[in-house]
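Trainee: Predicted model and sequence follow; I will ask about them next.
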Amino acid sequence: MSTHFFADVPTTEPDVILGLLDAFRSDTSPQKVNLGIGLYQDSSGKIPVLQSIQRAASQWIELEENKSYLSIDGVATYNAATQELLFGEDSPVVADRRVTTIQSVGGSGGLRLGAELIHRFLPEASIYISDPSWENHRCLFESAGVKVETYPYYDPETSGLKKTDMLDALCKMPMGSAVLLHACCHNPTGVDLDLETWREVVGICAERQLLPFVDFAYQGFAVGNQEDAAPIRMFAERGLTFLISNSYSKSFSMYRERCGALSVVTGSAKEAAAVSSQVKRIVRSIYSSPPSYGAQLISIVLNTPELYVLWEQELAEMRERIRSMRRLLASKLSVTLSGRDFSFILKQQGMFSYSGLSSQQVRLLRDKYNIYALESGRICVAAINERNVDYISEAMAGVLGSKGL
Ligand code: LMR
């Protein structure tokens, strides 16, 4: 018998987003640009370490007493501050202890914990994700044993939302289904619901007894921390049971520290405590307890008024810079490809633009110009700056204008 137990393991494809990051890193061309992954870069092309985080780090050096394990649910002050950021000050769901929040390994970790919870306690429920959705959503839920379906979302004809189709689909979902919604800065399209549509969605979820699962990876990148949380607060006011996975990767530029949280809003403090005990059991069975460093720094910023103010300024700066890059890109493309309408780029929110590039055009961008984008045509506007915008827009215009692609 062979002892090469894995001899027949087939090689699988690299990850669509992180695999592209590896390919970008090994590209030696000086002109390369990575529009593939959702990483914010400042005007000089650097992924910033925020000042608020640097100051928190110097405090933490003095404060850290030991390297013992954290509790299974993580840093308590981080979880409490996360609840305030999500639900606002004086939120009844928080005051009544109807919500439980557990630190997670990034937003993906929060999604996975929620997926495991659904799989264990609502085994019949499918989760509906938008068409299209973040590349990893399907795999993440299916890996936890949750069946994945889709609902209509993006309309390539208008570069906007298929609102009627989306609402119709929500109305037709079997009662008890889970539905994954992006609170803001929809990944990959950048197309968000307006408040009126959110109200309709909340109403349908209540009537059809759906379980909303809100993916909140970009709080602060659309309008601001409070404004972007409006859908969460609508669900809470309506008294629904729902889940939220939030991430601090983008808003604190803390990608590699993997800081997120899963919050579950329930009907009572007793229910929340029971859910919390179960999520802790899930964590213990996967990674035991979370890492400390990133969550401690974020907790310091969120709980120190002057650092909080500084952080909100830094967040606003990132948000505004992305907006100005949208304007610049759209205007350059409109000049080069006059007669084509690029105003959709200005209407989209957050880091991404669904550019309309076909997969062939994306491949050509990479092969000819060393510009990396996702095959779906998603580009990360947050990687554009005044020095690379001409190169990017000329390359994009070149491939968009190529006949037969
Ligand atoms: C993205 O969509 O590019 C980011 O959320 C990074 C990731 O993990 O996919």
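Mentor: Yep, it's here. Numbering: from 1, shown residues only.
Trainee: burial of Phe213, as a residue count?
Mentor: Other residues lying near Phe213 total 27 when counted by other CB atoms under 10 Å. All C-beta spots, glycine's among them, are computed from the backbone N, C-alpha and C.
Trainee: for stretch 211-221, how far is the first residue from the last?
Mentor: Using CA to CA, to the nearest Å, the end-to-end distance of stretch 211-221 comes out at 25 Å.
Trainee: How far off centre is it?
Mentor: Averaging C-alpha positions (CA atoms, centre = their mean, to the nearest Å) puts stretch 211-221 7 Å from its chain's average.
Trainee: mind showing which ranges of the chain have poor pLDDT?
Mentor: Along the chain, segments meeting pLDDT under 70 span 1, 403-405.
Trainee: where does it come near the ligand, residue by residue?
Mentor: Taking CB under 6 Å from any ligand atom as the contact definition, the chain meets the ligand at Ile17, Ile37, Gly38, Trp134, Asn136, Asn187.
Trainee: Can you tell me which of those is nearest Leu315?
Mentor: The nearest member of the residues of the chain next to the ligand to Leu315, counting by CB to CB, is Gly38 at 15.3 Å.
Trainee: Could you report the separation of that closest one from Arg326?
Mentor: Separation of Gly38 from Arg326 (CB to CB, to the nearest Å) stands at 15 Å.
Trainee: And those two? Which one has more around it.
Mentor: The neighbour count for Gly38 versus Arg326, taken as other CB under 10 Å, is higher for Gly38 (24 against 21).
Trainee: How about the secondary structure of that one?
Mentor: Put simply, Gly38 is coil when judged by DSSP: H, G, I helix; E, B strand; the rest coil.
Trainee: Can you give the contact residues for stretch 114-123?
Mentor: 125, 127, 140-141, 143-146, 176, 178, 211, 213, 243, 245, 262, 264, 275, 278-279, 282, 286 (CB atoms under 8 Å, 6 or more residues apart in numbering).
Trainee: Just give me the neighbour total for the closest residue to the ligand within the stretch 201-350 of the chain.
Mentor: Closest residue of the stretch 201-350 of the chain to the ligand, CB to the nearest ligand atom: Ala217 (6.2 Å). Using other CB under 10 Å, Ala217 has 27 neighbouring residues.
Trainee: what residues are up against it?
Mentor: Shown in contact with Ala217 (CB under 8 Å, 6+ apart): Gly107, His182, Cys185, Asn187, Ser245, Asn246, Ser247, Ser249, Lys250.
Trainee: How about whatever residue of the chain ends up closest to the ligand: what's its closest non-neighbour residue?
Mentor: Ranked by CB to the nearest ligand atom, the top residue of the chain for proximity to the ligand is Gly38, at 3.3 Å. Leaving aside its chain neighbours, Gly38 sits nearest to Met351 (4.9 Å; criterion: CB to CB, 6 or more residues apart in numbering).
Trainee: How many residues are close by the one you found?
Mentor: Other residues near Met351 come to 26 when the count uses other CB under 10 Å.
Trainee: In contact with it, which residues?
Mentor: Per CB under 8 Å, 6+ apart, neighbours of Met351: Gly38, Tyr40, Cys185, Asn187, Gly190, Tyr218, Phe221, Lys250, Ile322, Cys380, Val381, Ala382.
Trainee: can you tell me which of those residues are in strands?
Mentor: Using DSSP state E, Cys380 are the members of those that sit in strands.
Trainee: Output the contacts of Met351 as JSON lines; include the columns distance to Ile345.
Mentor: Shown next, in JSON lines, are these (distance: CB to CB, whole Å):
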{"residue": "Gly38", "distance to Ile345": "16"}
{"residue": "Tyr40", "distance to Ile345": "17"}
{"residue": "Cys185", "distance to Ile345": "14"}
{"residue": "Asn187", "distance to Ile345": "16"}
{"residue": "Gly190", "distance to Ile345": "8"}
{"residue": "Tyr218", "distance to Ile345": "17"}
{"residue": "Phe221", "distance to Ile345": "15"}
{"residue": "Lys250", "distance to Ile345": "19"}
{"residue": "Ile322", "distance to Ile345": "11"}
{"residue": "Cys380", "distance to Ile345": "13"}
{"residue": "Val381", "distance to Ile345": "8"}
{"residue": "Ala382", "distance to Ile345": "13"}
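Trainee: so which helix or strand takes in Gly356?
Mentor: Under the criterion DSSP states H and E, no helix or strand holds Gly356.
Trainee: Tell me who's in contact with the residue lying closest to it once chain neighbours are set aside.
Mentor: Sequence neighbours aside, Gly377 is the residue nearest to Gly356 in space, at 5.9 Å (criterion: CB to CB, 6+ apart). For Gly377, the contacting residues are Tyr354, Ser355, Gly356, Leu357, Ser358, Ser359, Gln361, Val362, by CB under 8 Å, 6+ apart.
Trainee: Could you verify that Gly114 is part of a helix?
Mentor: Yes: counting by three-state DSSP, Gly114 is located in a helix.
Trainee: could you check the distance from it over to Tyr248?
Mentor: From Gly114 over to Tyr248 the distance is 17 Å, taken as CB to CB.
Trainee: again, but for Ala57
Mentor: To Tyr248, Ala57 is 15 Å away according to CB to CB.
Trainee: Comparing the two, which shows the higher neighbour count?
Mentor: Neighbours per residue (other CB under 10 Å) separate Ala57 from Tyr248, with Tyr248 holding more: 29 against 14.
Trainee: Surely the more buried one is in contact with Cys259?
Mentor: Yes: contact between Tyr248 and Cys259 holds when scored by CB atoms under 8 Å: they sit 4.3 Å apart.
Trainee: Mutual contacts of the two, please.
Mentor: Any residue near both Tyr248 and Cys259 by CB under 8 Å, 6+ apart counts here, and that gives Gly294, Ile298.
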